[in-house]
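# one predicted model, sequence on top.
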Amino acid sequence: MNTELFIAKRLYKGNKKNEKRVSSPAVSIAIIGIALGLVVMILSVSIVIGFKKEIRGKVIGFGSHIQITSFEDNSSYELNPIAVSDTLMAKITANPQIRHVQPYIIKPGIIKTDENFQGVVLKGVNDDYDWDFFKKNMIDGDIINPKDTSGVNQAIISKDIADKLHLQLGDKFTTYFVQDPIRARRFEITGIYQTNFEDYDKLYILTDMSLLSKLNQWDDDLASGLEVLVKDYNQLDLTTQNLFFDMASHRDKLGNTLYARSIKDINPIIFDWLSLLDMNVWIIIILMLIVSGFTMISGLLIIILERTNMIGILKAVGTRDYNIRKIFLYLSSFLILKGLFWGNIIALIVCFAQKHLHIIKLNPQVYYTAYVPVDINLWNILIINVGTLVVSMLMMIGPSYLIAKISPAKSIKFE
């Protein structure tokens, strides 16, 4: 029988006949401190990870995980074309980390209406394009159908562009392309999307790849580049590195050397900014652990003072300081676990409410999202709980040595 655990349980539960349960206001505050600290840590991690995934997903949605283009002139929207051959596609898809490969053509243009004009970038895609991202963010209409034979030039524009130019679903607009000679094409709006990522929403229009290919007077097998989607984002750097060397050794029929870049390399400012958020999370977690630990230390010291008489009696009958310390450490663990229990309940309720009801709103022009995104990861929550329990118990060891200073003769008289 574990005597120390038995005594700790009796102290925690109290005696039904003579209730002497551990219920000091200071102890209750310590439990509340643990619970609130855990709530703040879980919310901080869930919100930051959710925010990073939300922003990262939008950037990847517009540009994929990896882009393969011509090694020359990678800073302009007018990219040198590359030849997409079966050999090239086979070399890319041979990597087991590659999930999907899709060609694209981008071409800058100017939309002119009766009242206004807007500079845009048209992105041409084919029937093999992965539409998951735009389907998720489509607010009106539907995606384009590259196999449509009606002769209508279909286009998907953002709500941002539609509002600026006073366009609606089904409207037609003219886009002018600055080339020699200058050309114009008439488009019909088949869909309107909104990602709240202003840098891209105000710029990109999606249309049929074959249309842009004809404007550029390119062969059917030419494209501005290839977009590559990977299976595991955590392996993105390694996959990009392997693909970089594979493409460096490849020459297409135009004599181009191909260049593979990850979305991190293309948008370093955005991903460096997202990486800085991790520092904020660590600072919050450390502060919450310190605050929660000190509130528990205060609670433990009060419990020891309240039980000074009992400590003296135990010492008088020959109980060692080590065993008495174990009693109070067991008791502290019960209180910490109680705080963790309520902290988890509160945190999960708040997380699920925000995830499904979007209670807390944000300014999308500042934060690139209309609400606070939350990512509920049970492994992260488990790690936070275990870490909080371990750190709190380690912080309890020091104050428990106060028991050795208590004299049996004096403490038995203590009330």
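Perfect, I can see it now. This is a predicted model, so every value here is computed, not measured. Numbering: from 1, shown residues only.
# longest strand anywhere in this structure?
strand 98-112 (DSSP state E).
# adjacent strands (with direction) for it?
Using DSSP bridges, strand 98-112 pairs in its sheet with strand 117-125 (antiparallel), strand 172-177 (antiparallel), strand 225-230 (antiparallel).
# how close does the nearest residue to V27 once chain neighbours are set aside sit to D265?
Distances taken as C-beta to C-beta, 6 or more residues apart in numbering put G299 closest to V27, at 4.4 Å, once the chain neighbours are dropped. (C-beta placed from N, C-alpha, C; glycine too.) For G299, the distance to D265 equals 51 Å [C-beta to C-beta, to the nearest Å].
# same check on I68?
Counting by C-beta to C-beta, the separation of I68 from D265 is 12 Å.
# one more: N145?
33 Å.
# need the helix or strand of the chain with the lowest average pLDDT.
One helix or strand of the chain scores below all others by mean pLDDT, DSSP states H and E: helix 408-411, with a mean of 66.
# from the chain's centroid, how far away is the longest strand of the chain?
Distance of strand 98-112 from its chain centroid, counting by C-alpha atoms, centre = their mean, to the nearest Å, is 26 Å.
# average model confidence for it?
The average of the pLDDT scores along strand 98-112 is 93.
# same question, stretch 33-52
The average pLDDT within stretch 33-52 is 91.
# okay, that stretch in PDB with CA atoms only?
Provided in PDB are the C-alpha atoms of stretch 33-52 (Å, rounded to 0.1, in the frame of the first residue of the first chain):
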ATOM      1  CA  GLY A  33      -4.100  30.000 -12.300                       C
ATOM      2  CA  ILE A  34      -3.100  26.600 -13.700                       C
ATOM      3  CA  ALA A  35      -6.400  26.400 -15.700                       C
ATOM      4  CA  LEU A  36      -6.100  29.900 -17.100                       C
ATOM      5  CA  GLY A  37      -2.500  29.400 -17.900                       C
ATOM      6  CA  LEU A  38      -3.300  26.200 -19.800                       C
ATOM      7  CA  VAL A  39      -6.200  27.900 -21.700                       C
ATOM      8  CA  VAL A  40      -3.900  30.700 -22.800                       C
ATOM      9  CA  MET A  41      -1.200  28.300 -23.900                       C
ATOM     10  CA  ILE A  42      -3.600  26.000 -25.900                       C
ATOM     11  CA  LEU A  43      -5.300  29.000 -27.500                       C
ATOM     12  CA  SER A  44      -2.000  30.700 -28.400                       C
ATOM     13  CA  VAL A  45      -0.600  27.500 -30.100                       C
ATOM     14  CA  SER A  46      -3.900  26.700 -31.800                       C
ATOM     15  CA  ILE A  47      -4.400  30.300 -33.100                       C
ATOM     16  CA  VAL A  48      -0.800  30.800 -34.300                       C
ATOM     17  CA  ILE A  49      -0.700  27.400 -36.000                       C
ATOM     18  CA  GLY A  50      -4.100  28.000 -37.500                       C
ATOM     19  CA  PHE A  51      -3.100  31.400 -38.700                       C
ATOM     20  CA  LYS A  52       0.100  30.100 -40.200                       C
END
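# using the three-state scheme, assign G318.
Per DSSP: H, G, I helix; E, B strand; the rest coil, the secondary structure class of G318 is coil.
# how close does it sit to K9?
22 Å.
# torsion angles phi and psi at the nearest residue to K361 once chain neighbours are set aside?
Once flanking residues are discounted, K361 sits nearest to Y371: 5.3 Å by C-beta to C-beta, 6+ apart. Per-residue torsions, Y371: phi -150, psi 170 (degrees, to the nearest 10).
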